[in-house]
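Visitor: A predicted structure for the sequence below; I have some questions about it.
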Amino acid sequence: MGNIGYPSRELYAVGDRPSNFYMLGSMGLASSIGLGLALALPDRRVVAIDGDGSVLMNLGSLVTIADQEPENYLLVILDNGCYGSTGSQPTCTARKADLARIAEGAGVTEVRLAASPEELRAGLTGRGVLVVKVEAGNAEVAVIPLSPEEIIERFMGISAPL
């Protein structure tokens, strides 16, 4: 699942499939929705892709992720130090905030930091939280050509418990 704005648009552009859930609203909730999916579908691997700005809006989700600790859930935080979907205003991670340390402080037992393609590949095999340091900037990708209703219908068709 992808966070609102450019992360979802980029996810759609690199590989649309019915199992991708594209957030079109609710900034700050991708981590919580991903956790809910992981708990509801314990036999499915759930990867939520979120941005640093969005996670900063809902730091409490890290405490809940730590408390529930699902084996099938990975929260990938793309930390570019800015709110990329709203004009690239700097986030606190551009200065002092360290999301990997915040996740550890919240009690998440598996926290990794990726600053290279090799670290990213290795980190994607785990669970918990993976903070990926990236350069600010958005790919030039089209708006997702699906309505919210189409997104949810496709997703619900594949996410129902087997």
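Guide: Here it is on my side, so go on.
Visitor: pLDDT-wise, which helix or strand of this protein ranks last?
Guide: Every helix and strand of the chain was ranked by mean pLDDT, DSSP states H and E. The lowest is strand 82-83, at a mean of 66.
Visitor: quick check: next helix or strand after it?
Guide: strand 89-90 (DSSP states H and E).
Visitor: gap between that following strand and the chain center?
Guide: Its chain's C-alpha centre and that of strand 89-90 lie 19 Å apart, by CA atoms, centre = their mean, to the nearest Å.
Visitor: ok, now stretch 23-35?
Guide: 8 Å.
Visitor: so which residues make contact with that stretch?
Guide: 1-5, 8, 21, 46-50, 53-55, 57-58, 61-62, 64-65, 68, 70, 73, 75, 144, 148, 151 (CB atoms under 8 Å, 6 or more residues apart in numbering). Any C-beta I mention is one placed from the backbone N, CA and C, and that applies to glycine too.
Visitor: in helices only, show me the residues you listed.
Guide: Applying DSSP state H to the contacts of stretch 23-35, the entries found in helices are 8, 53, 54, 55, 57, 61, 62, 64, 65, 68, 148, 151.
Visitor: tell me the buried residues within the contacts of stretch 23-35.
Guide: Buried members of the contacts of stretch 23-35, counted by 16 or more other CB atoms under 10 Å: 1-5, 8, 21, 46-50, 53-55, 57-58, 61-62, 64-65, 70, 73, 75, 144, 151.
Visitor: isn't residue 67 right up against residue 61?
Guide: No: at 10.5 Å, residue 67 does not count as touching residue 61 under the criterion of CB atoms under 8 Å.
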